[in-house]
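>>> Build me a model from this:
(chains A and B)
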Amino acid sequence: MGKLLERLLERFHIYRIPGYYGKYDHQWTIVIDLDQCDGCEACVIACHAENNLPIVGEKECANNRAFNWIRIERYVEGEYPDVRVKFIPVLCQQCGRARCEVGCPTYATYHNQDGLNVQVYNRCIGTFTCASYCPYDVRHFNWFSYQWDTPLDQQLNPDLTVREKGVMEKCTFCIQRIRDGKERAKDEGRGVRDGEILPACVQTCPTGAMTFGDLNDPESRVSRLAKDPRRYRLFEDLNTEPSVIYLKRVMEGGSSKDEAPFNL
Amino acid sequence: MKHHLTYKGVHEDVLRMITRTGPAYYVVLVIVLFCAIALYFLPWFYQIHTGQGVTGLNSPSYWGLYLVNFIFWVGVAHAGTLISAMLYITETPWRRAIHRSAEAMTLFALLMAVSFILVHMGRVWNFYWVFPYPNQRTLWTSFISPLMFDVFAINTYFISSLIFLYFGMIPDMASLQHRVTGWRKRLYTALSLGWRGTGREWHIWGKAYMLFSVLIIPLVVSVHSVVSWDFALGIIPGLMKTIFAPYFVTGALFSGFAGVVLLVSLIRWIFHTESYITERHYDRIGIMLLVLSLIWSYLTALETITGLHAETSFEMEHLRYKFLTPRFSYPVGFMIFANTILPLALVVRRVRSSVAGQFIISLFIIAGMWLERYLIILTAVPRKYLPYAWHDYYPSWVEISITAGAFFLFVALFMLFMKVFPVISLTEMKEDIGLPTAEGER
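As a prediction, this is how the structure comes out:
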């Protein structure tokens, strides 16, 4: 009896872990060095091209319906002559304890064995709960079935779908590239090499501010960068355990503390 | 009240309410149905066809008017069960004349609430995916989602209120089947399940009715608690508060009772049932409204203070947005006036037992409670964490039209119900009159 109870408890405990995995095969992570980011928005463009993101136009953008899976947030500080602008790229943080996964009734968003927060478009019924629960506001909804103007309709990426109206979507860390890299590695009978897989934003970043890799691999570049004393994660006190690690920007005089809201 | 009511009189009156329909009633019904179709169904079809973009929803404000209406209608649905079940167990006599209308109100308000979930959904044609059934997608539903709690809570509530309403009507329909003709006779004969009115049947019926009443009471608390968790279990500043479940339940009962006052007053006015729904009823409901108003006011104050105590910058921003932005501070003022200050007039017995006074106060309460839900959602969601993502929400014409259309649809459903089923309980009214005495007439 006691043994059965123990087993049941153990099972219950396992199911309490998001995604039910004790340890992920990979723990994909992006490290963003804010000291190197110059806010050029090349990553935004690359993301649009890679992930079939619609261009919604001026009016819809003004209503905050732009499809920027990654966006450069700008914060202006101070009065006119003494103005300082800070920026931070925000994308889906692929949280370890994601609130969006709690909200979804149909498992349209769940945790996969790579530690990623996956969005399955076909399962989505559009209840908006995931987007409302998300503290980073990185989820985007297909308000209409969008069309692409020529010649943009000729450059749609065949590796992933075009979403229809009524479906939620978000940054996937370019899961199609991750799948591709993993499969190639499997065919060649080896593990995935560090730096072999690059999401579109990381590949495009001209200053090399973004680094993508596996945090489970202690030798990887992200593992080394994650030990940086400047490291922080967005809203760590919300206990969402994000997979995106920011390296704090060092301000004039070497201080980076209390410079901006939320440790920019 | 008892003096001028007779068995025969009750029978005639109930029958009159069902079968005698003046031309004005038809005209009103047609107008209401037309408004329901024009304001509710057509914009909804337009929204389904075009996409959710026709609403005013935007990136942080993914919850808008539809969910406000959802909470509102679930709230209105609450008083029905309370009046039927809780007051039945406590043998409160004044529930008898109004409980049938309250139960019908529960049912139709719940239908409205469910319809607003559907209207809110992005891909409504797949709504059945939230039900756990073996499917070709080999996918179970996620039971950690508060929305799943909701699916079960609302389904349970809907089915139990339907059974409760039907069960209470069996003796009435059995008795009325001999007095009606045509499709009504066939309907009543079928639905009364061969009820003959023997002592044994009455005994079993009474036992079962009591059992249903006891079983349904937890639902009064559970349904709106679960609805509140849809919001409180997220991590949205302004919504993530443990006080939400009692807060929502109190608000639901409060608005539900106001809804009952409105409906019952209308029935009283249309069908001239003054001898059934008397000033004594109004007096008692008035006390109930007053008590609920006080509890609600206390919880509202507590909710705000909880936010102040949290003292995170996000919580403070939510409070600032709610109380100091003109767009919301005026509605907040109106809400406090309608739900806290105005109901204090019910302390006076004259106001309490006056139909007009209660009608006006209830109108204000309904409006104030709708605003309360509006303020809860629309001041929290547009001001989440990252200031860059903040964006105000203004409802579009589609949302406003569907909101208004739902009221018409509700009224239309209720008007149809009144012409098909006895809206005053025959059995319980006769019980109220008491046994016939030697004087004959009783």
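>>> Now tell me what touches stretch A:35-48 from outside.
Outside stretch A:35-48, the residues that touch it by Cβ atoms under 8 Å, 6 or more residues apart in numbering or on different chains are A:53, A:55, A:67-72, A:74, A:87-89, A:171, A:200-210, A:230, A:247-250. Placement of C-beta: from N, CA and C, glycine included.
>>> and those residues, which of them are in strands?
A:71-72, A:74, A:87-89, A:210, A:247 (DSSP state E).
>>> ok, of those, which one's closest to residue A:30?
residue A:210 (5.9 Å; Cβ to Cβ).
>>> which residues sit in contact with residue A:95?
A:117, A:240-243.
>>> filter these by proximity to chain B?
residue A:240 (Cβ under 8 Å from any Cβ of the partner chain).
>>> per-residue pLDDT, residue A:55?
Reading off the confidence values, residue A:55 has pLDDT 89.
>>> For chain A, what is the nearest residue in the stretch 101-250 of chain B?
Here the residue of the stretch 101-250 of chain B nearest chain A is residue B:122; by Cβ to the nearest Cβ that distance is 1.8 Å.
>>> so who does that residue touch?
Each residue near residue B:122 by Cβ under 8 Å, 6+ apart is listed here: A:124-128, A:141-142, A:165-168, B:51-52.
>>> Which ones among those map onto strands?
Among the contacts of residue B:122, DSSP E puts A:141, A:168 in strands.
>>> which one of the contacts of residue B:122 sits closest to residue B:309?
Ranked by distance to residue B:309 (Cβ to Cβ), the contacts of residue B:122 are led by residue A:128 at 29.3 Å.
>>> Show the buried residues in the contacts of stretch A:35-48.
Applying 16 or more other Cβ atoms under 10 Å in any protein chain shown to the contacts of stretch A:35-48, the neighbour count classes A:53, A:67-72, A:87-89, A:171, A:200-205, A:209-210, A:230, A:247-249 as buried.
>>> Spell out which parts of the stretch 101-250 of chain A neighbour chain B.
Residues of the stretch 101-250 of chain A lying near chain B (Cβ under 8 Å from any Cβ): A:102-107, A:123-129, A:131-133, A:135-137, A:140-145, A:165-168, A:235, A:238, A:240.
>>> and with 7 Å instead?
Taking Cβ under 7 Å from any Cβ of the partner chain as the contact definition, the stretch 101-250 of chain A meets chain B at A:102-107, A:123-129, A:131-133, A:135-137, A:141, A:143-145, A:165-167, A:235, A:238.
>>> buried subset of the residues you listed?
A:102-107, A:123-129, A:131-133, A:135-137, A:141, A:143-144, A:165-167, A:235, A:238.
>>> hmm, who's touching stretch B:205-220?
Identification of contacts with stretch B:205-220 by Cβ atoms under 7 Å, 6 or more residues apart in numbering or on different chains yields B:78, B:81-82, B:85-86, B:88-89, B:156-157, B:160, B:164, B:167-168, B:171.
>>> Next up, the contacts around the residue nearest to residue A:236 when sequence neighbours are not counted.
Spatial nearest neighbour of residue A:236, excluding adjacent residues (Cβ to Cβ, 6 or more residues apart in numbering or on different chains): residue A:242 at 7.7 Å. Listed by Cβ under 7 Å, 6+ apart, the contact set of residue A:242 reads A:93-95, A:233-234.
>>> Quick check, pLDDT for residue A:242.
91.
>>> and what of residue B:159?
For residue B:159, pLDDT reads 91.
>>> Which residue does the stretch 101-250 of chain A have closest to chain B?
residue A:126 (1.8 Å).
>>> contacting residues around that residue?
Neighbour list for residue A:126: A:166-168, B:52, B:121-123 [criterion: Cβ under 7 Å, 6+ apart].
>>> picking up where we left off before, dihedrals phi and psi, the residue of the stretch 101-250 of chain B closest to chain A?
phi -70, psi -40 (degrees, to the nearest 10).
>>> Before we move on, what's the pLDDT of it?
89.
>>> can you list the weak-confidence ranges in chain A?
Where chain A drops to pLDDT under 70, the residues are A:15-22, A:251-264.
>>> Just want the most central residue of it.
residue A:92 (2.9 Å; Cα atoms, centre = their mean).
>>> Quick check: phi and psi at residue A:147.
phi -110, psi 150.
>>> Report the separation between the two terminal residues of stretch B:172-183.
In stretch B:172-183, first residue to last residue: 16 Å (Cα to Cα, to the nearest Å).
>>> outside of that stretch, which residues touch it?
With Cβ under 7 Å, 6+ apart as the test, stretch B:172-183 has contacts from B:15, B:19, B:185, B:188-189, B:191-192, B:195, B:197, B:422, B:425-427.
>>> Mean confidence (pLDDT) on that stretch, please.
Mean pLDDT, computed over stretch B:172-183, is 84.
>>> what do you get for stretch B:220-230?
Mean pLDDT, stretch B:220-230: 88.
>>> Now do the buried residues in that stretch.
Neighbour-count burial for stretch B:220-230 flags B:220, B:222-230 (criterion: 16+ other Cβ under 10 Å).
>>> Contacts only, for the residue lying closest to residue B:248 once chain neighbours are set aside.
Excluding its sequence neighbours, the residue lying closest to residue B:248 (Cβ to Cβ, 6+ apart) is residue B:228, at 3.8 Å. Neighbour list for residue B:228: B:244-245, B:247-248 [criterion: Cβ under 7 Å, 6+ apart].
>>> Among those, name the ones in strands.
Per DSSP E, the contacts of residue B:228 never map to strands.
>>> farthest pair in the residues you listed?
Using Cβ to Cβ for every pair in the contacts of residue B:228, the one that comes out farthest apart is B:245 and B:247, at 7.1 Å.
>>> returning to that earlier point: where does the residue of the stretch 101-250 of chain A closest to chain B fall, phi/psi-wise?
The phi/psi pair for residue A:126 (degrees, to the nearest 10) is phi 70, psi 50.
>>> Not counting residues beside it along the chain, what's closest to it?
residue B:122 (1.8 Å).
>>> Against residue B:400, how distant is that neighbour?
Distance from residue B:122 to residue B:400, counting by Cβ to Cβ, to the nearest Å: 20 Å.
>>> coming back round to it: from residue B:135, how far off is the residue of the stretch 101-250 of chain A closest to chain B?
From residue A:126 over to residue B:135 (counting by Cβ to Cβ), the distance is 18 Å.
>>> Likewise for residue A:221?
For residue A:221, the distance to residue B:135 - Cβ to Cβ - is 43 Å.
>>> Compare the two (neighbour count), which wins?
Applying other Cβ atoms under 10 Å in any protein chain shown to residue A:221 and residue B:135 shows that residue A:221 carries more neighbours, namely 15 against 12.
>>> Contact partners for that one?
A:194-195, A:211, A:213.
>>> Can you give me the distance of residue A:171 to residue A:227?
Counting by Cβ to Cβ - residue A:171 and residue A:227 are separated by 25 Å.
>>> repeat for residue B:336
Residue B:336 is 54 Å from residue A:227, by Cβ to Cβ.
>>> now residue B:20
The gap separating residue B:20 from residue A:227 is 84 Å, by Cβ to Cβ.
>>> Secondary structure element for residue B:173, which one?
helix B:146-176 (DSSP states H and E).
>>> Next secondary structure element downstream of that helix?
Immediately after helix B:146-176, counting by DSSP H and E, sits helix B:182-191.
>>> Can you list the buried residues in that following helix?
B:184, B:188-189.
>>> How about stretch B:151-169?
Quick answer for stretch B:151-169 (16+ other Cβ under 10 Å): B:151-154, B:156-158, B:160-161, B:164-165, B:168-169.
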